[in-house]
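J.: fold the following, please.
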Amino acid sequence: MRILLVEDEVEPRGAWPALLRSLGHDVVIASNAEHAWQLFQLGGFPLVLVELSARIPATLTLVSRIRSSQRGDRTVVLVAAARDETELIAAAIAAGADDYVRMPVDGALLAVRLSLAERKSLERSQGHQVEEELRRRLERVRAVYHLADAASHARPIEELYAEAIEGTERALHTRRAAILLFDAHGVMRFQAWQGISERYRAVVEGHSPWTREDRDPAPVVVDDAESDDRVAQFRDAIREEGIRSLVFVPIAYRGEVLGKFTIYYGARHRVTDEELLLFQTIANHVAAALARARADERLRASEERFRQLAENIDAVFWIADVAEPRLLYVSPAYERIWGRDVPQLDVEPLAALEAVHPDDRRSVMRMHFHVAKGEMAQAEYRVVRPDGSLRWVRGRAFPVRDERGEVYRVAGITEDVTRVKQLEEQLVQSERLSAAGILVGGIAHQLNNPLTGVLGFAQLLLRNAAVEGKVRSSVERIHAEALRAKQIVGSLLAFARHRRPRLEPIDLNAVLSGTVESALDELNRAGITVETSLSPEVPITTADRLQLRQVFTSLIEHAAATMNGASAADGRRLRISTSLNERDRVEIRIADTGPGVPAELRRTIFDPPVGEAEEAGRSMWGLSMAFAVVQDHQGEIFVTESEPPPGATFVIELPVRADPGPVLSPAI
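T.: Purely as a prediction, here's the structure:
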């Protein structure tokens, strides 16, 4: 056993070294306490033998310093003192000495004491080794725990890389490590590193012991980079970086190689199975976290695509629960079509169904019944908006099945087909007008000749002075009625002779202003107040000036006719406005304060009149002609309720065209 002997420098006793060596021990002599402390710090002394002296209090301090030092728990301290120095021995024991011998010492007794001290030193050393091993294992467990904790809390992947490298340093005291991943082109790129230079990274980046196609590859351990041919192409760079041993651990998820975890050693290092297991565990945690991060990114991208789709398409996408009558998701288009807030559905799950027109609810319930049975179903129905307006929608519903194949949800798409319905009605109406035009043209020609004769003979009779009294009154009545009939026939012929538009650049505001000005005197005589609001944003467009003037005239005449029954006190007002709407189309509104148009007649008001009263006949034929002209201009015309009521508002939408271009016209 190697013994550090601290002798009394005042009265050294030369017997100690000889006695200890005779018992087979290696003795290093320190002449004083400070010298002994310097030698002790160099290490390698299982036993320190301190000769105590009341004249040298530093020896007690030495005992205390040894016991409190890092190596003190592995060192046995034995003190020697004269038999009459009991208090000094007690002070040494209190300072941390393990045992004592009295001087003069008995050789046999000293041998026994030294043997016990050696055994105690060995036990302490073994215990320290066990503790050190336990500490190392604890550090490794902590490294894995911290890494798993970081991965479980879905932290940014960069933080996980840093935790993996720092955990390796804490557990194995390696100060150099790196994480590399395959990029989109299959090249291994550095993602995180510690302790390696930029020059070295530039040289070795792209190197991989495996390809992306390898399945479940094994780690690669390079014990000595100077002799291992697997890293021969980078040997100079490795040597300059001061690296001697390397470990490449695959970062793989479900057999697919994602990258590598590399650990570097400055000296030759033989990697133990336990160390390799730790490296693989860290790499597996990184792989799992990386796979989850990529899955989360794909999910976020998918959710973002879905959000963009749901928020920007005009159709409503929805998901409903089969077990409970509630909607799980409704896209924002619901607010545009239903005119109600989406959050309202959380409080009132049946609000969407309650907004369905009562006559159509049965078909909607039938659709959901078929989907609940596992069939795809669809239905067209009307939605009543909060303002009372109707929207036609087409709903399609699809069953969603669980892992057992049972329908547990319903997914559906509901689109607004109001525009389609309007176009269908316009097409039907256009066909009606075409047929009516042919028929009306023939009838008008047949009626025109007899009416001309009636008017001519009535005028001749009126010129005859002999015709007087009741007879003259009757002739005047015949002439007036024939003249009215002639005007009606003229309207019929104008409708039947409808021609294609002659397009030219026009100012719609100017055309409308001119039309209003021409009719203003007659409107004023009828007690009708005219209010105009013509937007300066309405651009110059190409259209047929005369035909549009005829349309505006017909609508103004119809509005005036409907207000004939209203008293001045009720307010006879004609509001005319233009604007550029959200569809970049010119919108002309002509609103009256008459009785309005019932909802059930709004779809047929532009049809050619059949059996109408004489006074209404002219204005109704004017509406039919207006419809045909607007259609020829690829526009739309419809009637709605005035705001505020009562009254009707005729709305014309015309496209903005910079050049004449081809214009489609139905054959009438």
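J.: and the strands in the stretch 151-300 of the chain?
T.: 176-182, 188-194, 220-222, 245-253, 256-265 (DSSP state E, counting those that start in this stretch).
J.: any chance of CSV for the ones you listed, columns distance to residue 412 and mean neighbour count?
T.: For every residue, glycine as well, the C-beta is placed using N, CA and C. Putting the strands of the stretch 151-300 of the chain into CSV (distance: least, C-beta to C-beta, whole Å; neighbours: other C-beta atoms under 10 Å) gives the following:
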stretch, distance to residue 412, mean neighbour count
strand 176-182, 42, 22
strand 188-194, 44, 18
strand 220-222, 55, 20
strand 245-253, 37, 22
strand 256-265, 38, 23
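J.: need the ones you listed in TSV with mean pLDDT, can you?
T.: Formatted as TSV, the strands of the stretch 151-300 of the chain follow (pLDDT from 0 to 100):
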stretch	mean pLDDT
strand 176-182	93
strand 188-194	93
strand 220-222	94
strand 245-253	93
strand 256-265	92
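J.: quick one: the helices in the stretch 201-350 of the chain?
T.: Assigned by DSSP state H, counting those that start in this stretch, the helices in the stretch 201-350 of the chain fall at 235-240, 273-312, 333-338, 344-347.
J.: most tightly surrounded among these?
T.: Sort the helices of the stretch 201-350 of the chain by mean neighbour count, taking mean count of other C-beta atoms under 10 Å, and helix 333-338 sits at the top with a mean of 19.
J.: what's near enough to touch the residue nearest to residue 196 when sequence neighbours are not counted?
T.: Using C-beta to C-beta, 6 or more residues apart in numbering and skipping the chain neighbours, the partner closest in space to residue 196 is residue 176 (5.7 Å). Listed by C-beta atoms under 8 Å, 6 or more residues apart in numbering, the contact set of residue 176 reads 194-196, 243, 263-266.
J.: beta partners of residue 176?
T.: residue 264 (DSSP bridges).
J.: can you offset everything so residue one is 13?
T.: In the new numbering, first residue 13, that becomes residue 188.
J.: how near is it to residue 657?
T.: 83 Å (C-beta to C-beta, to the nearest Å).
J.: ok, residue 113 next?
T.: 120 Å.
J.: okay, the two: which has more neighbours?
T.: residue 113 (18 against 11; other C-beta atoms under 10 Å).
J.: which strands or helices does the strand or helix carrying the more buried one pack on?
T.: Counting by DSSP states H and E, the element that carries residue 113 is strand 111-115. With contacts defined as 3 or more C-beta pairs under 8 Å, 6 or more residues apart in numbering; DSSP states H and E, strand 111-115 has these neighbours: strand 88-94, helix 98-107, helix 119-164.
J.: using PDB, write out every CA atom in it.
T.: Provided in PDB are the C-alpha atoms of strand 111-115 (Å, rounded to 0.1, in the frame of the first residue of the first chain):
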ATOM      1  CA  ASP A 111      -7.800   5.700  13.800                       C
ATOM      2  CA  TYR A 112      -4.700   6.300  15.900                       C
ATOM      3  CA  VAL A 113      -1.600   4.600  17.300                       C
ATOM      4  CA  ARG A 114       0.300   5.500  20.300                       C
ATOM      5  CA  MET A 115       4.100   6.000  20.400                       C
END
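J.: need the contact partners of it.
T.: Under C-beta under 8 Å, 6+ apart, the answer for strand 111-115 is 25, 63, 88, 90-95, 101, 104-105, 121-122, 125, 128-129.
J.: what residues sit buried inside it?
T.: 112-113 (16 or more other C-beta atoms under 10 Å).
J.: so what are the sheet partners of that strand and their directions?
T.: Here strand 111-115 is paired, per DSSP bridges, with strand 88-94 (parallel).
J.: how many residues are close by residue 74?
T.: 26.
J.: ah, wrong one, I meant residue 398
T.: When neighbours are counted by other C-beta under 10 Å, residue 398 comes out with 9.
J.: now the strands for the stretch 513-662 of the chain?
T.: 516-518, 541-546, 553-555, 585-592, 597-603, 648-653, 660-667.
J.: nearest to residue 117, of these?
T.: With C-beta to C-beta as the measure, strand 585-592 is the member of the strands of the stretch 513-662 of the chain nearest residue 117 (117.0 Å).
J.: which strands or helices does the closest one pack on?
T.: helix 520-537, strand 541-546, helix 557-574, strand 597-603.
J.: same thing but at 10 Å, please
T.: If contacts are counted by 3 or more C-beta pairs under 10 Å, 6 or more residues apart in numbering; DSSP states H and E, strand 585-592 sits against helix 520-537, strand 541-546, helix 557-574, strand 597-603, strand 660-667.
J.: redo these as a markdown table? Include distance to residue 635 and mean neighbour count.
T.: Converted to a markdown table, the helices and strands packed on strand 585-592 look like this (distance: least, C-beta to C-beta, whole Å; neighbours: other C-beta under 10 Å):
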| stretch | distance to residue 635 | mean neighbour count |
| --- | --- | --- |
| helix 520-537 | 16 | 15 |
| strand 541-546 | 20 | 13 |
| helix 557-574 | 6 | 21 |
| strand 597-603 | 12 | 21 |
| strand 660-667 | 8 | 20 |
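J.: turn the ones you listed into TSV, columns for distance to residue 79 and mean pLDDT.
T.: Below are these laid out as TSV (distance: least, C-beta to C-beta, whole Å; pLDDT from 0 to 100):
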stretch	distance to residue 79	mean pLDDT
helix 520-537	105	90
strand 541-546	102	92
helix 557-574	111	87
strand 597-603	97	93
strand 660-667	100	92
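J.: quick one: which of those is nearest residue 434?
T.: strand 660-667 (10.9 Å).
J.: relative to strand 585-592, how tilted is that closest one?
T.: In terms of direction (axes from the mean of the first three to the mean of the last three C-alpha atoms, to 10 degrees), strand 660-667 departs from strand 585-592 by 20 degrees.
J.: which stretches of the stretch 563-680 of the chain have low pLDDT?
T.: Counting by pLDDT under 70, the ranges of the stretch 563-680 of the chain that qualify are 577-582, 620-633, 670-680.
J.: tell me what angle the strand holding residue 113 forms with helix 98-107.
T.: Strand 111-115 and helix 98-107 meet at an angle of 160 degrees, taking the same axes, to 10 degrees as the criterion.
J.: how far out from the middle of the chain is strand 111-115?
T.: From the chain centre to the centre of strand 111-115 is a distance of 81 Å (C-alpha atoms, centre = their mean, to the nearest Å).
J.: stretch 397-405 too?
T.: With C-alpha atoms, centre = their mean, you get 31 Å for stretch 397-405.
J.: pLDDT averaged over it - what is it?
T.: Averaged across stretch 397-405, pLDDT comes to 87.
J.: just the C-alphas of that stretch, formatted as PDB.
T.: In PDB, the C-alpha atoms belonging to stretch 397-405 read as follows (Å, rounded to 0.1, in the frame of the first residue of the first chain):
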ATOM      1  CA  ARG A 397     -83.000  34.500 -44.600                       C
ATOM      2  CA  PRO A 398     -83.600  36.800 -41.600                       C
ATOM      3  CA  ASP A 399     -84.600  39.600 -43.900                       C
ATOM      4  CA  GLY A 400     -87.300  37.400 -45.500                       C
ATOM      5  CA  SER A 401     -85.500  36.800 -48.800                       C
ATOM      6  CA  LEU A 402     -85.200  33.300 -50.200                       C
ATOM      7  CA  ARG A 403     -82.100  31.500 -51.400                       C
ATOM      8  CA  TRP A 404     -82.300  28.300 -53.400                       C
ATOM      9  CA  VAL A 405     -79.600  25.800 -52.300                       C
END
